[in-house]
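Participant: Need a 3D model of the sequence below.
(2 chains)
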Amino acid sequence: GENVEQHPSTLSVQEGDSAVIKCTYSDSASNYFPWYKQELGKGPQLIIDIRSNVGEKKDQRIAVTLNKTAKHFSLHITETQPEDSAVYFCAAKAHYGQNFVFGPGTRLSVLP
Amino acid sequence: DSGVTQTPKHLITATGQRVTLRCSPRSGDLSVYWYQQSLDQGLQFLIQYYNGEERAKGNILERFSAQQFPDLHSELNLSSLELGDSALYFCASSGGTGSYEQYFGPGTRLTVT
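Facilitator: Numbers count the residues shown, from 1 in each chain, chains lettered A, B, ... in the order given. Predicted coordinates:
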């Protein structure tokens, strides 16, 4: 089955700097890759996603890139702000269904 | 606010007991997914229902069961509870075929003592 790895597990950046979180997946047939932000005491919130027929997608300060050949995708956050501090999860949609396999998460801290 | 609601927010119960968690999907969404989030296992997919029928099963224990009702709300039943079942339980919903985005509810925190 699908396996998703995520790095780093923790990341601290200064406010205004960029943050990059990387994920790799194992099933080459996976075709959808969402990113979720989870704040303390809340459910995961979908922040951006990408389908396998697209290499890059951007939404304001957030972008996701996908390299299907290498089976990895990355989340890029520019001009980080303290409210970006949270745990971020990547996921891959298993090709045989619609459920997701999640990475273990990255705790991002943006220091003022 | 994702539009997905879950009740109760917190649940404390003893080992061996049975509990029911409830989820209402976003208006118009036909699919409901249940996930378990624990510190050591991360977010694990349990089960999916689509328009009242079971669609996919993940790492769901035999002591756990779920159903989706005609009004599309879903319930997750956990029985013979063990200490290790303490976790956050999330439900997510998505639209019809070809709609991959899943929107998560706020979760139910289950504590088994």
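
Participant: Assess the claim that B:V4 and B:C91 are in contact.
Facilitator: Yes. Using CB atoms under 8 Å, B:V4 makes contact with B:C91 at a distance of 6.4 Å. For the C-beta atoms, the positions are set from N, CA and C on the backbone; glycine is no exception.

Participant: Report the set of residues contacting both of these two.
Facilitator: Shared contacts of B:V4 and B:C91 (CB atoms under 8 Å, 6 or more residues apart in numbering or on different chains): B:C23, B:P25, B:F104, B:G105.

Participant: how about the last one, what does it touch?
Facilitator: By CB under 8 Å, 6+ apart, the contact list for B:G105 reads A:G43, B:S2, B:V4, B:T5, B:Q6, B:C23, B:F90, B:C91, B:A92.

Participant: any idea which helix or strand carries B:F45?
Facilitator: Using DSSP states H and E, B:F45 maps to strand B:42-50.

Participant: What residues of the very next helix or strand once past that strand count as buried?
Facilitator: Counting by DSSP H and E, the next helix or strand C-terminal to strand B:42-50 is strand B:53-57. Using 16 or more other CB atoms under 10 Å in any protein chain shown as the test for burial, strand B:53-57 gives B:R55, B:A56.

Participant: Which strands and helices lie in contact with the following helix or strand past strand B:53-57?
Facilitator: Proceeding N to C from strand B:53-57, the next assigned helix or strand is strand B:64-68, under DSSP H and E. Packed against strand B:64-68, as judged by 3 or more CB pairs under 8 Å, 6 or more residues apart in numbering or on different chains; DSSP states H and E, are the following elements: strand B:42-50, strand B:74-78.

Participant: Which parts of the last one count as buried, going by neighbours?
Facilitator: Right, the one you point to is strand B:74-78. Within strand B:74-78, the residues scored as buried using 16+ other CB under 10 Å are B:S74, B:E75, B:L76, B:L78.

Participant: Find me the pLDDT at the second one, would you?
Facilitator: You'll see B:E75 listed with a pLDDT of 98.

Participant: Could you report the distance from it to A:T78?
Facilitator: For B:E75, the distance to A:T78 equals 42 Å [CB to CB, to the nearest Å].

Participant: Show me the residue at the heart of chain B, geometrically.
Facilitator: Nearest residue to the geometric centre of chain B (CA atoms, centre = their mean): B:W34, 3.2 Å.

Participant: follow-up on the earlier one: wait, which of the helices and strands packed on strand B:64-68 is closest to chain A?
Facilitator: strand B:42-50 (4.1 Å; CB to the nearest CB).

Participant: is any part of that closest one close to chain A?
Facilitator: Yes. In terms of CB under 8 Å from any CB of the partner chain, part of strand B:42-50 sits within range of chain A, namely B:G42, B:L43, B:Q44, B:F45, B:Q48.

Participant: helices or strands next to that strand in the packing?
Facilitator: Short answer (3+ CB pairs under 8 Å, 6+ apart): strand B:42-50 packs on strand A:100-102, strand B:31-38, strand B:53-57, strand B:64-68, strand B:74-78.
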